[in-house]
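**Q** Quick one: sequence plus predicted model below, questions after.
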Amino acid sequence: MKFEFFIAKRIQFNKEGERKISRPIVRLTMGGIALSLAVMILSVGIVIGFKQEVRNKLIGFGSHIQISSSFSNHTYKTQSLKIDSSLIDRINLLPDVKHAQQFATQPGIVKVDGNFQGVVLKGIDKDYDWTFFENYLIAGEIFQINDSSSTNQTLISKKIADLLQLEVGDKFFTYFIIDGKVRVRPFTVSGIYTTGFSDYDKIFIIGDIKHIRKLNKWTEDECSGIEIEINDFSLIEEVQESLFNIIGNRTDEAGNYYMMKSIQQINPQIFGWLDLLNTNVVIILILMIAVASFTMISGLLILILDRTNMIGILKALGATNQSIKNIFLYHTLLLVGKGMVWGNFIALTLTLIQKKFAVLKLDPEMYYVDSVPIELSFFNIVLVNVGTIIISYLVLRLSTHIITRIAPIKAIRFE
């Protein structure tokens, strides 16, 4: 064992408690590092969790990629697109595609006892993936769709149910304007869901696609488009390139071109807002690094001041400036290590508490989630810790340069 590290350990574990100055400084240094590291880990986890939560809700309503003949987020009135069953089979065979399904949307108005609410009926087929709505179902059950006949069962949001005072099993009428004429369809509430994403919760009801086909006089192979779910969000661009090889510059039987958009292209404002959160994380990380650096430098300087006599004696015995610098570097790094252990403990404990009890609430009308989401990964924790160690080492290495200016005679006489 190097004598520098040996002396540093002796100072750390045997001597610090005997010094009135060192003891509170050591605690403040460890506390500042622990707090800074905990805030950095939580900041990264909260932003990642928030982005994933909002993104997953957008994908749940619209999937990763949509193929349609037209796109209109304002009216949800779409043109029909004839879908060949072989096209969906080819899409499903792509290696990164998880599931492809037909869908149709039709705007309408729900009327219940004099109350009105504008909605969008999203028609789905029997192969629809219910995983997303199953996770957010709070009452009732998911309805089944078959080939033989249409079902009047629907899934509505809690927001719509509260506005119209509907419960599971209640019936309601929805009015659609088709070619200038009002068409009415009766529906029954099969289940109630709530995602906290108010922009979509307040308009979407989920029903059988056969109703939209009958309203628009579409054939069984016509729909608004295809929703494509992939295995990894980061592979959207690669999947789009593969899809372009299948549908690029192609039309259906009616001559309508296949148009393709990712969920980012359909909701550019929301994804742009999510990207801005990265800037907030960078600012927080810079501030916490600054706080931790200031804490470490202050603590190191006071520790050096407190042991000026020891520095003078070591220099008188022949120790080099570099050796003495290493002693205090090791000593401070041991303090940093303790602070980092506590910082990780605090961050992980708060994360578990928030995940289990959702202590910190949010307004879903503003943030699209009802509580603060935190998503920590082993990689991100290691990255923050390694970055902290590297920055701490560089800051402390520069700070120990003050030792070279201490003269042995003056240091020995220092009180």
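**A** That came through fine. The shown structure was predicted, so the numbers you read here are calculated from the model rather than taken from an experiment.

**Q** Quick check: Q165 touching Q117?
**A** No - using C-beta atoms under 8 Å, Q165 and Q117 do not qualify as a contacting pair, with a distance of 10.9 Å. For glycine as for every other residue, the C-beta is placed from the backbone atoms N, C-alpha and C.

**Q** out of those two, which sits in the busier spot?
**A** Neighbour tally, Q165 and Q117, criterion other C-beta atoms under 10 Å: the higher count belongs to Q117, 20 against 10.

**Q** Give me the buried positions along the helix or strand harbouring the more buried one.
**A** Counting by DSSP states H and E, the element that carries Q117 is strand 115-124. Neighbour-count burial for strand 115-124, with 16 or more other C-beta atoms under 10 Å as criterion, is recorded at Q117, V119, V120, L121, K122, G123, I124.

**Q** Ok, stretch 47-60 next?
**A** The neighbour-count check on stretch 47-60 (16+ other C-beta under 10 Å) flags V47, I48, G49, F50, K51, E53, V54, R55, K57, L58, I59, G60 as buried.

**Q** Stretch 300-315 now?
**A** Of the residues in stretch 300-315, L300, I302, L303, I304, D306, R307, T308, M310, I311, G312, L314, K315 count as buried by neighbour count, 16+ other C-beta under 10 Å.

**Q** Repeat that for stretch 382-397.
**A** Buried residues in stretch 382-397, counting neighbours by 16+ other C-beta under 10 Å, are found at V384, N385, T388, S392, V395, L396.

**Q** Could you do stretch 98-105 as well?
**A** H99, A100, Q101, Q102, F103, A104, T105.

**Q** helix/strand/coil for the last one?
**A** Assigned state for T105: strand (three-state reduction, DSSP: H, G, I helix; E, B strand; the rest coil).

**Q** for the second one, same thing?
**A** Reducing the assignment to helix, strand or coil with three-state DSSP, the entry for A100 is strand.

**Q** Okay, and the beta partners of it?
**A** Per DSSP bridges, the residues bridged to A100 are I228.

**Q** follow-up on the earlier one: show me the contact partners of the next helix or strand after the strand holding Q117.
**A** The first helix or strand that comes after strand 115-124 along the chain, using DSSP H and E, is helix 131-136. Helix 131-136 is touched from outside by N56, I59, G60, F61, I142, L155, G191, Y193, T194, T195, I206, with contacts defined as C-beta atoms under 8 Å, 6 or more residues apart in numbering.

**Q** same thing but at 6 Å, please
**A** Contacts of helix 131-136 from elsewhere in the structure, counted by C-beta atoms under 6 Å, 6 or more residues apart in numbering, are G60, Y193, T194, T195.

**Q** What are the buried residues along that helix?
**A** F132, F133, Y136.

**Q** Could you do stretch 363-381 as well?
**A** Within stretch 363-381, the residues that count as buried by 16+ other C-beta under 10 Å are P364, Y367, Y368, V369, S371, V372, P373, I374, E375, L376, I381.

**Q** can you pull the pLDDT of the third one?
**A** By that I understand Y368. What the model reports for Y368 is a pLDDT of 88.

**Q** Can you name the residues that contact it?
**A** Taking C-beta under 6 Å, 6+ apart as the contact definition, Y368 lies against V54, F197.

**Q** Quick check on it: phi, psi?
**A** Geometry field for Y368 lists phi and psi as phi 70, psi 0, criterion degrees, to the nearest 10.

**Q** do you know how far it is from N326?
**A** Computed with C-beta to C-beta, to the nearest Å, the distance linking Y368 and N326 is 52 Å.

**Q** Rounded mean pLDDT for stretch 42-61, please.
**A** The pLDDT scores in stretch 42-61 average 94.

**Q** what's the answer for stretch 297-305, then?
**A** If you average the pLDDT values across stretch 297-305, you get 79.

**Q** One more: stretch 158-175?
**A** 95.

**Q** quick one: that stretch to chain centroid distance?
**A** Relative to its parent chain, stretch 158-175 has a centroid offset of 32 Å by C-alpha atoms, centre = their mean, to the nearest Å.

**Q** now swap in stretch 388-395 and tell me
**A** Relative to the mean C-alpha coordinate of its chain, stretch 388-395 is positioned 28 Å out (C-alpha atoms, centre = their mean).

**Q** Ok, stretch 309-319 next?
**A** 54 Å.

**Q** now stretch 37-47
**A** Its chain's C-alpha centre and that of stretch 37-47 lie 12 Å apart, by C-alpha atoms, centre = their mean.

**Q** How about residues contacting that stretch?
**A** Among residues not part of stretch 37-47, those counted as contacts by C-beta under 6 Å, 6+ apart are 277, 281, 284-285, 288, 340, 343, 346-347, 374-376, 380, 384, 388.

**Q** Quick check: next helix or strand after the helix or strand hosting I286?
**A** When secondary structure is defined using DSSP H and E, the element that contains I286 is helix 268-306. Using DSSP H and E, the next helix or strand after helix 268-306 towards the C-terminus is helix 308-316.

**Q** Mind giving me the packing neighbours of that next one?
**A** Helix 308-316 sits against helix 408-413, with contacts defined as 3 or more C-beta pairs under 6 Å, 6 or more residues apart in numbering; DSSP states H and E.

**Q** Inside helices: which ones of the buried residues of stretch 382-397?
**A** V384, N385, T388, S392, V395, L396 (DSSP state H).

**Q** So of the contacts of helix 131-136, which two are at opposite extremes in space?
**A** Comparing all pairs in these by C-beta to C-beta, the longest separation belongs to G60 and T194, at 12.3 Å.

**Q** quick revisit: can you put the buried residues of strand 115-124 in a markdown table and add pLDDT and distance to N321?
**A** Supplementary listing: the buried residues of strand 115-124 in a markdown table, determined by pLDDT from 0 to 100; distance: C-beta to C-beta, whole Å:
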| residue | pLDDT | distance to N321 |
| --- | --- | --- |
| Q117 | 94 | 77 |
| V119 | 96 | 76 |
| V120 | 95 | 74 |
| L121 | 96 | 78 |
| K122 | 97 | 73 |
| G123 | 96 | 78 |
| I124 | 96 | 74 |
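
**Q** which one of these is nearest N256?
**A** Here the nearest of those to N256, counting by C-beta to C-beta, is G123; it sits at 18.2 Å.

**Q** Give me the packing partners of the one helix or strand I327 maps to, helices and strands only.
**A** For I327, the host element (DSSP H and E) is helix 321-357. Under the contact criterion of 3+ C-beta pairs under 6 Å, 6+ apart, the helices and strands touching helix 321-357 comprise helix 3-10, helix 22-62, helix 378-399.
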